[in-house]
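K.L.:
Following is a predicted model, sequence given first.
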Amino acid sequence: MGWMLACLFLAFPLKADTILILGDSLSASYGMEEKQGWINLLRPKLGGHTLVNGAVSGETSAGGLRRLPALLDSAKPSVVFVMLGGNDGLRGFSPAELKKNLTKIIDLAQASGARVLLSEVMVPTNYGPRYARAFAEVYASLGQRDGVTLMPFFMTQIITHPELMQRDGIHPNEDAQPGIADIMYPWFKSMITGQLQHQKPDPT
């Protein structure tokens, strides 16, 4: 009887996790139907766990911060995935302001009891090396906080393949979405299974 119960617990987790995605157009299926986006493609891979897509095209860190309390209240997530900052960079916003907004986002998420998965975001080099370096340092610094897991920006694996990009050269196309889902899966899985923060997940 004991081994049967153990098998049941393994097959049917006692508690399913809810992951809230707080992002911009890279997570909002920009230029395609929502069902074609990487978040929808990732859902079957995560079994009974729930993905709530709170991403909005054009979102900045300040906008995400304003929307977060209502999202936390409605979704009640156990994990919050944050990928914001690209639009801050495109508009030349201050890295100090970006860090302040992301810090508040992390604080709110953790105060709700959620674990935080933070994605790096990079700006084009034509903004100048000093700005790009200050921008990158924001994420490196926040990734050292307790309860925060920092992951690389998935676009670094996509943007070097023109066939995976839309005509604007900024957004991944429909063909890129399955690959993005594959990139994201081990990170989301590690957050669900409670692997140690700052530890690179096993891609298998």
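P.N.:
Thanks, I have the structure now.

K.L.:
list the buried ones in stretch 166-175?
P.N.:
Buried residues in stretch 166-175, counted by 16 or more other C-beta atoms under 10 Å: 170-173. Backbone N, C-alpha and C define where each C-beta goes, glycine included.

K.L.:
Residue 152 against residue 120, yeah?
P.N.:
Yes - contact status for residue 152 versus residue 120: in contact at 5.6 Å, counting by C-beta atoms under 8 Å.

K.L.:
Compare those two (neighbour count), which wins?
P.N.:
Using other C-beta atoms under 10 Å as the criterion, residue 152 and residue 120 rank with residue 120 on top: 20 against 14.

K.L.:
isn't that one right next to residue 151, touching?
P.N.:
Yes - Residue 120 is within contact range of residue 151, at 7.0 Å (criterion: C-beta under 8 Å).

K.L.:
Show me where the chain has its helices.
P.N.:
Listed in chain order, the helices of the chain (DSSP state H) span 2-11, 38-42, 61-75, 86-90, 95-111, 129-142, 177-193.

K.L.:
what residues does the third one touch?
P.N.:
Counting contacts by C-beta atoms under 8 Å, 6 or more residues apart in numbering, the residues outside helix 61-75 that touch it are 18, 20, 22-23, 52, 54, 56, 80, 82, 84-85, 88, 97-98, 101-102, 104-105, 108-109, 112, 114.

K.L.:
what do you get for the last one?
P.N.:
The set of residues that contact helix 177-193 without belonging to it, under C-beta under 8 Å, 6+ apart, is 17, 19, 32, 36-39, 41-42, 45-46, 49, 79, 81, 115, 117, 149, 151, 154, 157-158, 164, 172, 199, 201-204.

K.L.:
ok, now the fourth one?
P.N.:
Helix 86-90 is touched from outside by 24-26, 58-62, 97-98, 101, 121, 123-124, 127, 135, with contacts defined as C-beta under 8 Å, 6+ apart.

K.L.:
mind putting the helices of the chain in JSON lines, mean pLDDT and mean neighbour count included?
P.N.:
Listed next are the helices of the chain as JSON lines, based on pLDDT from 0 to 100; neighbours: other C-beta atoms under 10 Å:
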{"stretch": "helix 2-11", "mean pLDDT": "45", "mean neighbour count": "8"}
{"stretch": "helix 38-42", "mean pLDDT": "97", "mean neighbour count": "20"}
{"stretch": "helix 61-75", "mean pLDDT": "98", "mean neighbour count": "17"}
{"stretch": "helix 86-90", "mean pLDDT": "95", "mean neighbour count": "21"}
{"stretch": "helix 95-111", "mean pLDDT": "98", "mean neighbour count": "18"}
{"stretch": "helix 129-142", "mean pLDDT": "96", "mean neighbour count": "16"}
{"stretch": "helix 177-193", "mean pLDDT": "95", "mean neighbour count": "19"}
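
K.L.:
is the residue nearest to the spatial centre of the chain in a bridge, and if so with what?
P.N.:
The chain has residue 81 as the residue nearest its centroid, 3.8 Å off, counting by C-alpha atoms, centre = their mean. For residue 81, the beta-bridge partners are residue 21, residue 117 (DSSP bridges).

K.L.:
so it sits right up against residue 21, yeah?
P.N.:
Yes - contact criterion C-beta under 8 Å: residue 81 and residue 21 qualify, at 5.0 Å.
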